[in-house]
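Enquirer: fold the following, please.
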Amino acid sequence: MSTTTTKGTGTTGTTGATRARRGGAGGPSAPRGVLRQARELTPEFAEGLGLTLAIAAATTIGKLAVPVAVQQTVDTGVLGPGGPDVGRVALLCSIAAALVLLTVFTAWVVNARLFRATEAGLASLRVRAFRHVHDLAVLTQSGERRGALVSRVTSDVDTISTFLQTGMLVLVLSLGQVVLATAVMFAYSWQLALVVIGCFVPLVLVRNKLQRPVAQAYAGVRVRMGELLAAISETVVGADVIRAHAASARSRRTVDAAVEAHRKQALKAQVATAATFSTGVLVSGLVVALVIVVGTLLGVAGDITLGRLLAFLFLAQLWVGPVQAATEVLNELQNALAGWRRVVELIETPVVVPEPRRERVQALPAGPVDVRVEDVAYTYPGTDKTVLSGVSLHLPAGSRTAVVGETGSGKTTLARLVTRLVDPVEGRVLLNGVDARDLPGRELHRRVVAVPQEGFLFDATVGENVRRGRPGATEADARAAFAELGLAEWLDGLPDGLDTPVGQRGERLSAGERQLVALARAHLADPDLLVLDEATSSVDPATEVRLQRALEGVLSGRTSVAIAHRLSTAEAADTVVVVDSGRVVEVGPAVELAHAGGPYSRLHAAWTAQHA
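Expert: Residues are numbered from 1 along each chain as shown. Predicted coordinates:
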């Protein structure tokens with residue numbers, strides 16, 4: 001058989017969590033780079049941002065009403081040339097009160113607009129990250145613990161949300177407040193303005209050195225949180241196994257260790273934050289003290305009025321407060337940046353089973369699928385371990401094929417290649433003459449359906465799980481699927497029939513019952529190529545006999561490939577493919593191979609001895 005070898009792209013990059021554990025947090029290191037990246041990934045963040053900033057500026061101007069009113073009230077209303085002017089004092093206080101009320105309203109508007117934009121952006125970010133998780137190859141997903149993946153889409157995004165909806169608003173308003181307060185301070189007393197600014201110059205100069213350990217500490221917090229969620233989720237999902245093996249104490253130690261690691265890292269981050277914040281508090285106190293001392297001296301010298309000095313004290317607070325708050329917010333920013341980098345690292349993890357480019361997209365011809373595997377090789381991503389090498393097969397349309405071999409021989413990988421859960425690094429897989437890499441994923445997985453050895457069920461009813469096999473399927477369709485499989489009597493024996501809840505991961509049903517529901521779901525999907533990973537292995541003998549009869553009708557008219565762990569599955573197939581050490585070593589009918597003296601003969605003898 002002539003074949004064409006095509007180089008694939010069956011490699012993948014290191015996942016974000018792995019890079020973080022190695023100490024190399026990816027993504028932009030500066031907030032400016034993060035903002036640019038945020039606009040690219042989630043443009044919803046920037047929608048209406050200009051108007052929001054304009055309203056925020058108005059809010060900041062309103063805050064200056066109080067110190068200006070104090071200065072005018074004291075200098076022109078209380079200490080004016082003609083003595084105290086009650087009317088002017090009342091007018092100035094009324095204007096100040098109105099501006100304060102206006103500031104409250106504009107602050108509410110800014111919050112509402114900011115919340116709306118950030119929630120839209122965060123929802124888009126969650127959806128994009130979630131979809132990317134499902135676009136990743138099976139082996140790439142397996143390379144990172146499930147809890148850590150969930151952490152990236154949930155808690156890491158939550159840290160971004162917390163900062164955007166609280167810290168960012170404080171940061172924006174503080175910046176505007178500092179700029180305007182600085183201008184007014186210089187208008188009242190350039191000497192005191194220089195005193196205030198001069199106190200914070202050293203703090204600004206060492207800010208990067210102070211922020212670096214905070215950033216590193218919070219990056220560690222996000223990693224430890226992912227590990228904690230992973231440890232907890234494993235103990236919850238594996239509760240039955242833990243109890244069965246009396247491993248509760250060991251599992252508790254694992255979770256306790258993860259909790260303790262997170263506690264220590266969070267404490268380290270808080271200590272670094274406290275050190276930075278305390279520095280800001282010290283400088284703020286120094287500013288107030290110096291303003292009082294220097295301002296008093298200027299007042300004695302006649303260089304500043306009492307009203308201006310009192311107003312300057314308010315302005316100093318309006319200047320110092322935002323600077324101190326900004327210092328604390330910058331610490332929160334490090335936590336948000338750490339979460340952002342982890343989410344971006346997930347989104348930027350290469351998709352090794354990509355959708356075909358538009359110019360290469362082809363349709364899968366209708367009817368049972370003819371499968372050709374041409375000189376295929378597969379190597380685990382990021383390793384030199386070859387799973388399959390030089391594999392060539394032809395599975396005619398409508399045929400039934402059983403793939404057998406010892407554990408680790410590569411038979412499951414071969415099934416993954418046929419269903420395009422992974423792509424070959426060499427060679428190609430043709431379905432009805434079309435390279436599987438040129439088929440859109442949605443069409444491919446509608447026509448090619450796999451039933452794993454352990455059927456996964458969603459936390460819903462039996463009927464809802466079955467109807468997931470075909471969009472738009474009705475309850476009658478689901479019931480008919482069970483009837484066609486000869487499982488109507490079993491279905492009627494359930495407490496609520498199709499409405500019976502299966503629980504999380506189907507835990508309310510036995511392993512065999514879960515597999516029956518998975519088979520009914522696959523039957524309702526009506527695929528042209530059905531891949532079974534010994535789908536009847538968890539079924540009791542009586543149900544297996546009934547299922548085998550039903551499968552005769554289900555498999556009729558379509559191509560099927562079964563990963564065979566039982567002799568009965570291999571003997572019922574038209575063709576048996578024997579895989580050994582990543583190579584196809586035998587192909588032929590089971591009866592002929594059983595007497596050929598090759599690897600299948602040995603497997604056949606071992607199976608026969610086990611069931612004698």
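
Enquirer: what's around the residue nearest to A518 when sequence neighbours are not counted, how many residues?
Expert: If you skip the residues right next to it in sequence, A518 has G455 as its closest partner in space, 2.7 Å away by C-beta to C-beta, 6 or more residues apart in numbering. All C-beta atoms are positioned from the backbone trio N, CA, C, and that covers glycine. Counted with other C-beta atoms under 10 Å, the burial measure for G455 works out to 24 neighbours.

Enquirer: tell me how far G455 lies from V462.
Expert: With distances taken as C-beta to C-beta, to the nearest Å, G455 is found 12 Å from V462.

Enquirer: between those two, what contacts are shared?
Expert: Residues touching both G455 and V462 (C-beta atoms under 8 Å, 6 or more residues apart in numbering) are V517.

Enquirer: circling back to that earlier point, quick check, the residue nearest to A518 in a helix?
Expert: No. For G455, which was evaluated using DSSP: H, G, I helix; E, B strand; the rest coil, the result is coil, with no helix membership.

Enquirer: ramachandran angles for it?
Expert: Taking degrees, to the nearest 10, you get phi -70, psi 120 for the backbone angles of G455.

Enquirer: what sits against it?
Expert: G455 makes contacts with G506, R514, Q515, V517, A518, L519, R521, A535, as judged by C-beta under 8 Å, 6+ apart.

Enquirer: give me that answer again for 6 Å
Expert: By C-beta atoms under 6 Å, 6 or more residues apart in numbering, the residues touching G455 are R514, Q515, A518.

Enquirer: show me which of those is closest to Q216.
Expert: Nearest to Q216 among the contacts of G455: R514, at 45.5 Å, using C-beta to C-beta.

Enquirer: put the alpha carbons of the helix or strand containing that closest one into CSV.
Expert: The secondary structure element spanning R514 is helix 511-525 (assigned by DSSP states H and E). Extracted in CSV, the C-alpha atoms of helix 511-525 (Å, rounded to 0.1, in the frame of the first residue of the first chain):
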residue,chain,number,x,y,z
ALA,A,511,-20.7,1.0,37.2
GLY,A,512,-22.6,-1.3,34.9
GLU,A,513,-25.7,0.9,34.9
ARG,A,514,-23.6,4.0,34.1
GLN,A,515,-22.2,2.1,31.1
LEU,A,516,-25.8,1.2,29.9
VAL,A,517,-26.7,4.9,29.9
ALA,A,518,-23.5,5.8,28.0
LEU,A,519,-24.3,3.2,25.4
ALA,A,520,-27.8,4.5,25.0
ARG,A,521,-26.4,8.0,24.6
ALA,A,522,-24.0,6.8,21.9
HIS,A,523,-26.8,4.9,20.1
LEU,A,524,-29.0,8.0,20.1
ALA,A,525,-26.1,10.0,18.5
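
Enquirer: buried stuff in that helix?
Expert: For helix 511-525, burial by neighbour count (16 or more other C-beta atoms under 10 Å) applies to 512-525.

Enquirer: in JSON lines: the contacts of G455, plus pLDDT.
Expert: Listed next are the contacts of G455 as JSON lines, based on pLDDT from 0 to 100:
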{"residue": "R514", "pLDDT": "84"}
{"residue": "Q515", "pLDDT": "81"}
{"residue": "A518", "pLDDT": "85"}
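
Enquirer: so where's the stretch 301-450 of the chain uncertain?
Expert: For the stretch 301-450 of the chain, residues meeting the criterion pLDDT under 70 lie at 323-324, 326-328, 330-331, 350-352, 354, 382.

Enquirer: would you map the strands across it?
Expert: Secondary structure of the stretch 301-450 of the chain by DSSP state E, counting those that start in this stretch: the strands cover 371-379, 386-395, 400-404, 426-431, 434-435, 448-451.

Enquirer: hmm, who's touching the second one?
Expert: What it means is strand 386-395. Under the contact criterion C-beta under 6 Å, 6+ apart, strand 386-395 has outside partners 371-379, 401, 410, 413, 582, 584.

Enquirer: scan the residues you listed and report the most crowded one.
Expert: Each of the contacts of strand 386-395 was scored by neighbours using other C-beta under 10 Å; the highest score is V376's, at 27 neighbours.

Enquirer: nearest residue to that residue other than its sequence neighbours?
Expert: With C-beta to C-beta, 6+ apart as the criterion, V376 has its nearest non-adjacent residue at 3.7 Å, and that residue is G427.

Enquirer: the one you found against R372, yeah?
Expert: No. Counting by C-beta atoms under 6 Å, R372 is not a contact partner of G427; they are 10.2 Å apart.

Enquirer: which stretches of the stretch 51-200 of the chain form strands?
Expert: Counting by DSSP E, counting those that start in this stretch, the stretch 51-200 of the chain contains no strands.

Enquirer: which regions of it lie under the pLDDT threshold?
Expert: In the predicted model of the stretch 51-200 of the chain, residues 134-155, 165, 169 satisfy pLDDT under 70.

Enquirer: what about the helices in it?
Expert: Taking DSSP state H, counting those that start in this stretch to define them, one finds helices in the stretch 51-200 of the chain at 65-72, 86-135, 138-142, 146-153, 155-162, 168-188, 190-205.

Enquirer: now the angle from the last one to helix 168-188?
Expert: This means helix 190-205. An angle of 150 degrees separates the directions of helix 190-205 and helix 168-188 when computed by axes from the mean of the first three to the mean of the last three C-alpha atoms, to 10 degrees.

Enquirer: extract the C-alpha trace of helix 190-205 and format it as CSV.
Expert: The C-alpha coordinates for helix 190-205 follow below in CSV (Å, rounded to 0.1, in the frame of the first residue of the first chain):
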residue,chain,number,x,y,z
TRP,A,190,4.8,76.1,46.9
GLN,A,191,7.1,75.7,50.0
LEU,A,192,4.7,73.3,51.7
ALA,A,193,4.0,71.5,48.4
LEU,A,194,7.7,70.8,48.1
VAL,A,195,7.8,69.5,51.6
VAL,A,196,4.9,67.0,50.9
ILE,A,197,6.4,65.8,47.6
GLY,A,198,9.9,65.6,49.0
CYS,A,199,8.8,63.2,51.7
PHE,A,200,7.5,60.7,49.2
VAL,A,201,10.4,60.9,46.7
PRO,A,202,12.5,58.3,48.6
LEU,A,203,9.4,56.0,48.8
VAL,A,204,8.9,56.2,45.0
LEU,A,205,12.5,55.5,44.3
